[in-house]
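S.K.: no sequence on this one, just coordinates:
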């Protein structure tokens, strides 16, 4: 496989038997699923929206398939559907949020909302969160902030070891993502949002489901050998950090800020439950304290136009980070969201178990 | 060449004819060189110290060879040896500094000093700088901040195009580095400090001077073809961003924060002088607003101990970011700093031109 060009396809799970569902329908059914498990209308709609948004933008690995997984975690008592995050520590420019095992989206949104508010009032802010369930697609929050006129960063630790460290063997840290979004003028929002492993685990899942080989710089097998077998990671293997030691450095930065600074569980923590926790650290910067929002967005647009005018390599496109997500969203808003049949079946069964009639939505 | 393990050797310029000079001697001679060009004792000593520190930590590409280049820029009127940066815009948590073309080190240090002060007082801060000359090794500043108990990040644009964008052709942006440092307890300071290109230009220079080939993922030739020829970049070729599209994203983040947000010259700016300007953006975070400094450094130490205990791949070592710099510094403090003979000759000639007797120092 050749080196992939910037694309959300990295996280798209494309199975052989796909069906297409309109995003509105997925949003409605998701809302009812979460309502049936004790969430308020507003909360249920919000969680469903963030997951549908991930699917719309092509981040299938963080999309509506989580309807089922979150529901299992609610049942197991890991996610408190009515949990309310609380501010444990606060200054005019910072907050540390105890997520109290509410749905991760509620905690992460509280964090970014607080960060934006404080950055608007005091030019810059930082907000951390612990006791936080899986927050979904990190770019949802930074993008939301950028659309409100601030520069936003988020560093997230994932309490589920999957990737090794540079030069090491074994699963050590989670895929520890980071995200940066900045406001733009005419251009589509600039959005960086990725795992610090070479690829998200979902990409390996895709190859497995399609019976394909994977590039040898993605994973190692249980003995630390380079492998093109997508099953190796399921059999004691591990993901590699992206970009040699440089990605490893960022993997550690997400761990230090997302977990150590917030007091969240770190990757190496032997405690296994609840599953897939996140430690969240957000920074927001108000451009008015620097070049000013108008000048910033005007010059950012100009910079992006310059980048788009760069002559591409044969067969490649030069893309602005965030552009693939917008392109995919436009397409899927119109054509619907492609889902593996078994994922859709899982959602339908879940709805029925909860006493809902999936055909009504 | 195999994939290099985390090492400062990335930036070490090792020529065939090397000589070794003690760091104290280099510091003294550097101080006299800058004093002779109109700098105060204190300022001259500081600039020399930052450059010697880069050489000591193995970042030769940002080390004492700059004695000569900075002196040329002073002569050409690009660096104002007596220039004083001024705060152009300020809030309790932020500052925007007009570097007024003072030596870049003076401006960058003013930025980080201000950021630390404001983070101590208000938990988090952000400081930008424009009209800023080459600041040297970025890690100098973030490390300084971390040693004062804050988490520090710096995003720097380099107004000297050398690297292309992902999927593109031609020199578009500078090597746009970033740096993150965090306070530690017993452990050596954690320090991330690297270019967002696969390698710094200095690494290609090394291969050239040694007559060696380079890995084909470092550069492209003038036609955009993969090449192992270290001369290609001198003949119309360009560097690639590190880690495929993920490094490209960070290249743009450094450009957006370092240049667009501060109002500095962006990479694509056609204006060619002054050479190698930097736009600087620093963020400082006080751990006391989160887990607390004591808990943070204790848990960071524990995390690093866990990482160091990871079984290494055959022939590899697992290193904490910053560790190679400390190892190199220890060695070079004792053994002296290896310099290409021609670099030392350049310093000696410069000293003589300025009426100094290099044998006195």
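M.R.: Perfect, I can see it now. Note that the coordinates shown come from a computational prediction; the quantities given were computed from them, not determined experimentally. Numbering: from 1, shown residues only, chains lettered A, B, ... in the order given.

S.K.: need the strands for the stretch 251-361 of chain A, in chain order.
M.R.: With strands called from DSSP state E, counting those that start in this stretch, the stretch 251-361 of chain A shows them at A:278-285, A:337-340.

S.K.: avg pLDDT for the last one?
M.R.: Pointing back at strand A:337-340 there. For strand A:337-340, mean pLDDT is 93.

S.K.: what does stretch A:38-51 give?
M.R.: Mean pLDDT, stretch A:38-51: 98.

S.K.: Residue A:154 - that's part of a helix, no?
M.R.: No: under DSSP: H, G, I helix; E, B strand; the rest coil, residue A:154 falls outside any helix and is assigned strand.

S.K.: how about low-confidence regions in the stretch 51-200 of chain A?
M.R.: The stretch 51-200 of chain A contains no residues with pLDDT under 70.

S.K.: what does it have sitting close to chain B?
M.R.: A:89, A:91-94, A:96, A:122-126, A:128, A:151, A:164-170, A:172, A:180, A:182, A:190, A:192, A:194 (C-beta under 8 Å from any C-beta of the partner chain). Every residue, glycine included, has its C-beta placed from N, CA and C.

S.K.: among the residues you listed, which ones are buried?
M.R.: A:89, A:91, A:93-94, A:96, A:122-126, A:128, A:151, A:164-170, A:172, A:180, A:182, A:190, A:192, A:194 (16 or more other C-beta atoms under 10 Å in any protein chain shown).

S.K.: ok, now which ones touch residue A:184?
M.R.: Counting by C-beta atoms under 8 Å, 6 or more residues apart in numbering or on different chains, residue A:184 touches A:146, A:190, A:297, A:300, A:301, A:304.

S.K.: redo that, cut-off 6 Å
M.R.: Residue A:184 makes contact with A:190, A:297, A:300, according to C-beta atoms under 6 Å, 6 or more residues apart in numbering or on different chains.

S.K.: Please flag which of those residues sit within helices.
M.R.: A:297, A:300 (DSSP state H).

S.K.: which one among the contacts of residue A:184 gets closest to chain B?
M.R.: When these are compared for distance to chain B (C-beta to the nearest C-beta), residue A:300 wins out at 5.3 Å.

S.K.: Check what contacts the helix or strand harbouring residue A:26 and list those residues.
M.R.: Using DSSP states H and E, residue A:26 maps to helix A:23-35. Helix A:23-35 is contacted by residues A:44-45, A:47-48, A:52, A:56, A:64, A:67, A:337, A:351, A:356, A:358, A:361 when judged by C-beta under 6 Å, 6+ apart.

S.K.: Now go through the residues you listed and say which are in helices.
M.R.: Of the contacts of helix A:23-35, the ones assigned to helices by DSSP H are A:44, A:45, A:47, A:48, A:52, A:56, A:67, A:351.

S.K.: So what's the residue count around residue A:352?
M.R.: Neighbourhood size, residue A:352 [other C-beta atoms under 10 Å in any protein chain shown]: 11.

S.K.: And for it, nearest residue in space, chain neighbours not counted?
M.R.: Nearest residue to residue A:352 in three dimensions, chain neighbours excluded: residue A:358, at 6.7 Å (C-beta to C-beta, 6 or more residues apart in numbering or on different chains).

S.K.: Contact partners for residue A:47?
M.R.: Counting by C-beta under 6 Å, 6+ apart, residue A:47 has contacts A:34, A:103, A:105.

S.K.: Quick one: neighbours of the first one, just the number.
M.R.: Using other C-beta under 10 Å, the number of residues around residue A:34 comes to 25.

S.K.: and of the contacts of residue A:184, the nearest to residue B:279?
M.R.: Of all those, residue B:279 sits closest to residue A:300, with 13.5 Å by C-beta to C-beta.

S.K.: correct me, but the closest one touches residue B:259?
M.R.: No: with contact defined as C-beta atoms under 6 Å, residue A:300 does not reach residue B:259; the gap is 10.1 Å.

S.K.: neighbour-wise, which of those two wins?
M.R.: Taking neighbours as other C-beta under 10 Å, residue A:300 and residue B:259 compare with residue B:259 leading, 33 against 27.

S.K.: Thought residue B:157 was touching that one, still the case?
M.R.: Yes: using C-beta under 6 Å, residue B:259 makes contact with residue B:157 at a distance of 3.8 Å.

S.K.: anything in contact with each of these two?
M.R.: Contact with both residue B:259 and residue B:157 is made by residues residue B:279, according to C-beta under 6 Å, 6+ apart.

S.K.: Nearest residue to the residue of the stretch 101-250 of chain A at minimum distance from chain B in space, please, no chain neighbours.
M.R.: As assessed by C-beta to the nearest C-beta, chain B sits closest to residue A:243 within the stretch 101-250 of chain A, at 2.3 Å. Leaving aside its chain neighbours, residue A:243 sits nearest to residue B:243 (2.3 Å; criterion: C-beta to C-beta, 6+ apart).

S.K.: Tell me which residues touch that neighbour, please.
M.R.: By C-beta under 6 Å, 6+ apart, the neighbours of residue B:243 are A:242, A:243, A:247.

S.K.: among those residues, which are in helices?
M.R.: Among those, the residues falling in helices (DSSP H) are residue A:247.

S.K.: which residues are contacting the helix ranked longest in chain A?
M.R.: In chain A, ranked by residue count with DSSP H as the criterion, the top helix is helix A:104-122. Residues outside helix A:104-122 that contact it (C-beta under 6 Å, 6+ apart) are A:47, A:50, A:85, A:92-93, A:95, A:97, A:99, A:125, A:127, A:129, A:132-136, A:141, A:145, A:148, A:150, A:278, A:280, A:282, A:284, A:286, B:93.

S.K.: what angle separates that helix from strand A:278-285?
M.R.: Interaxial angle of helix A:104-122 relative to strand A:278-285 (axes from the mean of the first three to the mean of the last three C-alpha atoms, to 10 degrees): 20 degrees.

S.K.: circling back to that earlier point, distance to residue B:214 added to the contacts of residue A:47, as JSON lines?
M.R.: Shown next, in JSON lines, are the contacts of residue A:47 (distance: C-beta to C-beta, whole Å):
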{"residue": "A:34", "distance to residue B:214": "54"}
{"residue": "A:103", "distance to residue B:214": "49"}
{"residue": "A:105", "distance to residue B:214": "46"}
